[in-house]
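Participant: Here is my input; please provide its structure:
(one chain, ligands or ions: 1)
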Amino acid sequence: MKYDYLIVGSGLFGATFAYKARQAGKTCLVIDKRPQLGGNVYCEQVEGINVHKYGAHIFHTSNKEVWDFVNSIVEFNRYTNSPVANYKGGLYNLPFNMNTFNKMWPEVKTPKEARQKIDTQIKQAVEEINKQHAEKGLPPIIPSPIGGGWEGASNLEEQALTLVGKDIFEKLIKEYTEKQWGRKCTELPAFIIRRLPVRLIFDNNYFNDKYQGIPIGGYNKLIEGLLAGVDTMVNTDFFDFKRNYNSDSGLWELESCNLKLETPEIVYCGPIDQYFGFQFGKLDWRTVTFKTRIEDTPNYQGNAVVNYTSHDEPYTRVIEHKHFEMFGQEVYDCPKTVVSEEYSTEYKEGMEPYYPVNNDRNNTLADQYRPLAAQEPNVIFGGRLAEYRYYDMAPIIEKVLNLWK
Ligand code: FAD
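Facilitator: Here you go, the predicted model:
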């Protein structure tokens, strides 16, 4: 079989690439080692609800071209992400805004009062930290010469305290972050949290982007639309093929026990280190595991996303999938609901590689693989695994659209 492109991976990078290639009159074969298409945005239907099998996905962008493009494939709904934090049974709106501050400190009712309260708590925290720094012989935290704020925090805990003060840190950041990273905030580097936006308005919309939503009918509709008319094969691992680049013909020749392929160009969306046989070593990942169950009630938590910010619960978030796509009476027309607890988990062989680990070891290793990728003849390395970079969905689509300009 001969195709203009062999696309390895049917996630948003591969599927968008296939769509644009087809529009340009090119033939593509998309293969994926998973039993279904769609990569991380794939949803499973349970009790009439689209369950985000590989983690909750909320599309958001300020790029009109990207928004118009995805809406030309499938219309998006009006879902607005407004997560809630549960700390020991108390509920707080996120991101930190006037609703959060009034719940935290009922006497705080105006933006001025909120600002004063936070500033007072920051000042107290800085005094406390500087006492400890003096005892340990560390330089003090000092006012930052640019843009206000403070500098000199020696760990994430100090950094967060100098940004929002004690109450918000202790109830909404500390234990949640420790669950996410599996380490104490005092053992995490300060740079992980550069900014903690504080909104002095009553606005629970998590994203600042102009557009957000979920495809009507679910993400599978988006993938089906992108891959309409494109040849696809699931349960097909690229590494089950022997591959050879024939420099005379300029063709990649690939052969597995039941398939022979020829293509002038490969689009590779799998892990970059695996492509090169892990020759410099394996890159590390962070992952999330999910415990998903059906609840015999139409409305379990009243919101798609609830963060659990204390150590009392071992999970970081509970997702109630129906709220991404059902609104008002629709929630009650569907008698059951599906919820997923999310557990931040240390990555081990065989788990889903989700987030790159941007520490010195992995950055150095990725920088060894990237020049090899750049030199590989007629292979485009694209997407989060092949670039070893975290991307939201919209920037992935933007990248592919730009490749075809
Ligand atoms: P993927 O979707 O991972 O696709 C890669 C595909 O390649 C997979 O299907 C894989 O099976 C296949 N593959 C790999 N190796 C091989 C091989 N050897 N042979 C054949 N196939 C192979 N973004 C947002 O904008 N909003 C969100 O709310 C959001 N939430 C997220 C939550 C989680 C838990 C994670 C991990 C990511 C989230 N993202 C979110 C980011 C989003 O998932 C990515 O931007 C998007 O998945 C990138 O698409 P991709 O095609 O690069 O990768």
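Participant: got a list of what the residue in the stretch 101-250 of the chain positioned nearest to the ligand touches?
Facilitator: Per Cβ to the nearest ligand atom, residue 238 is where the stretch 101-250 of the chain lies closest to the ligand, at 3.7 Å. Where C-beta positions appear, they are placed from N, C-alpha and C, glycine not excepted. Contacts here follow Cβ atoms under 8 Å, 6 or more residues apart in numbering; on that basis residue 238 touches 8, 31, 33, 268, 270.
Participant: Bridge partners for the second one, pull those for me.
Facilitator: Just to be clear, that refers to residue 31. Using DSSP bridges, the beta-bridge partners of residue 31 come out as residue 8, residue 233.
Participant: which one of the contacts of residue 238 sits closest to the ligand?
Facilitator: The nearest one, if we look at the contacts of residue 238 relative to the ligand and count by Cβ to the nearest ligand atom, is residue 270, at 2.9 Å.
Participant: so the closest one, which of the three states?
Facilitator: Assigned by DSSP: H, G, I helix; E, B strand; the rest coil, the conformation of residue 270 is coil.
Participant: Look at it and say how many residues are nearby.
Facilitator: Residue 270: 20 surrounding residues under other Cβ atoms under 10 Å.
Participant: likewise residue 32?
Facilitator: Close neighbours of residue 32, defined as other Cβ under 10 Å, add up to 26.
Participant: Pick out the residue in the stretch 251-400 of the chain sitting closest to the ligand.
Facilitator: Using Cβ to the nearest ligand atom, the closest approach of the stretch 251-400 of the chain to the ligand is made by residue 383 at 2.4 Å.
Participant: Next, the contact list for the residue nearest to that residue when sequence neighbours are not counted, please.
Facilitator: The spatial neighbour of residue 383 that comes closest, neighbours along the chain excluded (Cβ to Cβ, 6 or more residues apart in numbering), is residue 13 at 3.5 Å. With contacts defined as Cβ under 8 Å, 6+ apart, residue 13 is in contact with 39, 267, 269, 382-384, 396, 399-400.
Participant: Among these, which lie within helices?
Facilitator: Residues from the contacts of residue 13 lying in helices, with DSSP state H as the criterion: 384, 396, 399-400.
Participant: hang on, the earlier thing: confidence score at the residue of the stretch 251-400 of the chain closest to the ligand?
Facilitator: Model confidence at residue 383, expressed as pLDDT, equals 98.
Participant: who's in contact with stretch 124-133?
Facilitator: 138-141, 150, 152-154, 158, 161-162, 165-166, 169.
Participant: now with 7 Å?
Facilitator: The set of residues external to stretch 124-133 that reach it, using Cβ atoms under 7 Å, 6 or more residues apart in numbering, is 139-141, 150, 158, 161-162, 165-166.
Participant: tell me which residues of it are tucked away?
Facilitator: Buried residues in stretch 124-133, counting neighbours by 16 or more other Cβ atoms under 10 Å, are found at 125-126, 129-130, 133.
Participant: Please save the CA atoms from that stretch in CSV.
Facilitator: Extracted as CSV, the C-alpha positions of stretch 124-133 are listed here (Å, rounded to 0.1, in the frame of the first residue of the first chain):
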residue,chain,number,x,y,z
GLN,A,124,2.6,38.5,58.1
ALA,A,125,3.9,35.6,56.1
VAL,A,126,7.0,37.5,54.9
GLU,A,127,7.8,38.5,58.5
GLU,A,128,7.5,34.9,59.6
ILE,A,129,9.6,33.5,56.7
ASN,A,130,12.3,36.1,57.3
LYS,A,131,12.6,35.1,60.9
GLN,A,132,13.1,31.5,59.8
HIS,A,133,15.6,32.6,57.0
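Participant: average model confidence for it?
Facilitator: 97.
Participant: to the chain's geometric centre, what's the distance from that stretch?
Facilitator: From the chain centre to the centre of stretch 124-133 is a distance of 35 Å (Cα atoms, centre = their mean, to the nearest Å).
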